[in-house]
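A.B. asks: Predicted coordinates and the sequence they were generated for:
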Amino acid sequence: MNSTEPQIFLIDDDDDVRTALSRTLKKRGKTVIEYESAESFLEELDREACGCLILDYGLPKMDGLQLQAKLLAEDIALPIIFITGHGGVAESVKAMRAGAIDFLEKPFRLNNLLDKIEIAFNISHSLHREKEKRADIRGKIGSLTGREKELLDYILANPARVTSKEIAQALDISPRTVDIHRGRVMQKMNVKTLLELVQISDLIIKSS
Amino acid sequence: MHNKKRYSLKFILAISLIGLQFLAVSTIISFTFFSSERALLRQSSTLLDRTGENILGQVESFLAPAQMALQLTKKFSETQLINVFDDEELEKHLFQQILTSPQISGLYFAHNNGRFVYVMRTEDDLFRTKIIDPFEKGSRSHPARYVFRNDRFAVVSNEYQETDTYEARTRPWFQAASETRAAIWSDPYIFFSNQERGITYAVPLIAANGDVIGVFGVDISIDEISNFLSDLFPPSTGSTLILDNNGEVLAHPQLQLLDQLVDNDSLRSNPSLISVDQLNDPVAQAAFGDFDANPLTSKQQSLTELPFTSKRYVSLTLPVLDPGPKWYIGVYASEDSFIGEIKAERTRWIWMAVFVAAVTALLGLRLADWINKPLQRFASGTQKISEGDFSHLEDLQSPYAELEGTGKTFMKEIRGRQKFEAAYGRTFELTSRGMAQIDSNTGKFLRGNQQLLDLLQLNSETLKSLSLFDLVTANSSRPLNDFRRSLEEESEFISDIQVTLQNNSHAWLRVNAILILDEAGKPDHVLAIFDDVSEQKEAAQVTAQLRRDLSHLSRVNTMGEMASALAHELNQPLSAIAHNVDAVQFSLKESSPENEEALEICSDIERQALRAGSIIHALRNVVRKDKGNMREFDLVDLCHQTVDLMDVEARSHKCNIKIHTNDEVYVFGNRTQIAQVIVNLLRNAIDAILEKKNTNEDICLFVCVQDNQAKVVVEDHGVGVASPETLFQKFSTFKSDGMGLGLSISRSIIDAHEGEIWYEPAQGGGSRFCFSLPLKNFKVL
């Protein structure tokens, strides 16, 4: 079912920590890609990547929190597990608020990290599915004609007033034309009821 | 114009005249008083002694007749003038003897064959004769005849008693006289017949062959002595009493006192004499209560002063040596009864002396006045002249030779001085600083200008009553310790003193004093200038407080940062160890699953690494500091104080710190921590300039409000920063001797205040270190 193998992106400026952690994760069959700074990670970043980010909080230049903010802003669906050598309560609160999976203080038990990685992978998968779904819906919407798009927008804006007569009056077209266009929209969007149509379209509106 | 404080001549004269005559009078009075005291005591002693001798004679004359009567009877018997074997003749003789002496209460003869002839007085002024015929020793009873007669020997009545039990041969006086074959005195005792105190004198009648034929006895009633004693003193002034060997009272003016024990029923059957310490006479008890059994063996006197009640008593004890019994006469009397008159006289004389002293004192005052008057006129004349009033020149004609010429010299001197004073006085009043003339010896203010009075919040009169030493607060008088020495050795004195003002507030004054010498080169007075330096002092104190706070904070911060930094540094390798061990464990499980021991060792290593991590975590929690005292404060004010603090350091490196600011910038936070950040930045700037070996550089401190934030910039034109991106990390330093914590601490502080700290290069080389803080309405997390 996975279109892509989940990957672990490990960013830590301390070579020893990075090497050791990467080695033991690889032994467990994980795919680990190492970076020594946030900047080098961003350079090679695949926007569609699936998996999770293990991120050292105290990086030089761009630090963990700044990177987290940047990924959020660019809608990159990589859940983040922070690891830190000098974690404070205030920092962990900031990180968790911004959606981090966890905030682990070094040194930590590997099992603890493995549990979090599992959680992160699951989240990553569902995020990807949602992302694909959104892309699919966007594609379908893209195939609508001008009039059909106009009709869809009206339905989404006024989900309580969707009889043919009401729509015809609002768009200043005949009720029969409304029926034809609506049939095409349902077909193109691959839904059977008007309710389904509203729910699907909502996804796009929310994510945009 | 002598500055030393002097007493008025009138005062001295009055004091010395009155004082001298007062001293003379009181010396005489006290001498008289004490010498008359001694004389009075001698006098009372003599008087008491005479009283004692008087009583002694009386006692002797009381006892002697009875003694003589008995001796006479014995002699008659020995020379056969009377026949003692004839009852009638013996009775008649005894009767005649008893009539001669009223103190004899009974006379008797006891024959050694048991015969007994006894003549005695009865209570109803009759005489009773008792005759017992001879009887065997040891017989139970025997008949006795009684004859009652009047004083003319006529028989009044006769009585006969068949069973009389009296046995003279067993009586103490009979046995004592028989054995000693000499006259004896019995101890005093109470007569059974009439309850009176008495004494028995007995002499043996010895035959030619030496046998004791019998014993003559005489009973003497001694209560008569008490009656005699009562005539000597009124009872309130003194008393005499006669004591025996055992301290028992034989005689006392108040006879009834001696009966107090006899009145007791249980003692009536066996009466005894009362002891002196039981006597109801407190003075006698005090004087003779501790009467010893053998206090005096020869004729001695003792004089005792009794601290008794409010009166003073003297007492005397002397022994009765004749005729026989060992008695003692005690006399006591209140001093007044002897010498009261003399004392009263003495008091009159003392009052007289006081009166004379008062009169002569008044005369002395008048005399002092008279001597002083011309001098006063002379003084007021010079005073007026010194004030510029020359209309009293005739007052300078002194009445006394000693002051001749002084007036003229004074006139000459005063004119010269007036000129000088006029100029000096104007300077004094016109100067803008506090000025005073001070006595060089006492420190007293002689004169102070208005500016000084304003400074001290005093009026001119109060100032003149004070000395420089009175001004300083008790705990800050130290600077003045050197006042006199410094003036004498260096001719000037400069110091800051803290003074207490009227409203109990304090002010700091800088005293600048010089010593003015007179023509002879002797210290004349001190001229002192006072400046109010309170504000400077307060500013210095605020800066000092800030310095202390900073020093403390710096230590705390450095420790916290060190711990935090070390934690980070150590956690990295520990983390690597834990992960590497984990990898080894995994490999072992794959390759040789049975190697339990290696797996266990790996598990131990991992556990230890994690444990080390938790210790570091705990340590960091311990040193993590709180936010401290957060409050609103003026950032500009703080910058000024911090620059004050750093100014010395900057100047010593030839740098100038300049503050550029427009207005007040209020922020909310820990004032001391922010001060530390500013100090750190300024110090970095100084170091950067030093590094460049370029002196006389300015360091600029900008404080302003920008984008709703307070912004502080420290700009220098020193060496600048090579790698700005690692600047704010721990242990990162571009200084040769730094630890690299300063900027890291600064960032921690600014972060905690939700502000930002950053670096930018300055135009034309050098650095700009900046930080921003939220304005005062900022609230902490």
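C.D. replies: Yes, it's here.
A.B. asks: Alongside chain B, which residues does chain A contribute?
C.D. replies: For chain A, the contact set with chain B under C-beta under 8 Å from any C-beta of the partner chain comprises A:14, A:16-17, A:19-21, A:23-24, A:27-28, A:58, A:60-61, A:83, A:85-86, A:88, A:90, A:105-110. For the C-beta atoms, the positions are set from N, CA and C on the backbone; glycine is no exception.
A.B. asks: do that again at 7 Å, thanks
C.D. replies: A:14, A:16-17, A:20-21, A:23-24, A:27-28, A:58, A:60-61, A:85-86, A:105-107, A:109-110 (C-beta under 7 Å from any C-beta of the partner chain).
A.B. asks: In three-state terms, label A:Ala49 for me.
C.D. replies: When classified by DSSP: H, G, I helix; E, B strand; the rest coil, A:Ala49 comes out as coil.
A.B. asks: what domains does the record give for chain A?
C.D. replies: A:7-132, A:143-207 (automatic domain parsing).
A.B. asks: rank the ones you listed by pLDDT, which is bottom?
C.D. replies: Note on the domains of chain A: domain A:143-207 shows the lowest mean pLDDT, a mean of 81.
A.B. asks: in chain A, what residue sits furthest out from the centroid?
C.D. replies: Distance to the chain centre peaks in chain A at A:Ser174, reaching 41.5 Å (criterion: C-alpha atoms, centre = their mean).
A.B. asks: what's the distance between the closest residue to that residue other than its chain neighbours and chain B?
C.D. replies: Excluding the flanking residues, the one nearest A:Ser174 by C-beta to C-beta, 6 or more residues apart in numbering or on different chains is A:Ala168, at 5.8 Å. Distance, A:Ala168 to chain B, using C-beta to the nearest C-beta, to the nearest Å: 54 Å.
A.B. asks: need the contact list for A:Ala168.
C.D. replies: Going by C-beta atoms under 7 Å, 6 or more residues apart in numbering or on different chains, A:Ala168 touches A:Ser174, A:Pro175, A:Val178.
A.B. asks: following the helix or strand of chain B with the lowest mean pLDDT, which helix or strand shows up next?
C.D. replies: Lowest by mean pLDDT, DSSP states H and E among the helices and strands of chain B is helix B:265-268, with a mean of 47. Downstream of helix B:265-268, the next assigned helix or strand under DSSP states H and E is helix B:282-288.
A.B. asks: What about the closest residue to B:Asp716 other than its chain neighbours, how many residues nearby?
C.D. replies: By the measure of C-beta to C-beta, 6+ apart, the closest residue to B:Asp716 outside its immediate chain neighbours is B:Ala685, 3.8 Å from it. For B:Ala685, the neighbour count with other C-beta atoms under 10 Å in any protein chain shown is 28.
A.B. asks: now do B:Arg38
C.D. replies: Considering only other C-beta under 10 Å, B:Arg38 is surrounded by 9 other residues.
A.B. asks: would you say it is within a strand?
C.D. replies: No. Read with three-state DSSP, B:Arg38 is helix and lies in no strand.
A.B. asks: rewinding a little: which stretch among the domains of chain A comes nearest B:Asn158?
C.D. replies: domain A:7-132 (142.0 Å; C-beta to C-beta).
A.B. asks: Would you pull up how far the strand or helix carrying B:Leu41 lies from the middle of the chain?
C.D. replies: Taking DSSP H and E as the definition, B:Leu41 sits inside helix B:9-78. Mean-position distance between helix B:9-78 and its chain equals 42 Å (C-alpha atoms, centre = their mean, to the nearest Å).
A.B. asks: After it, which helix or strand is next? Please name it.
C.D. replies: helix B:87-100.
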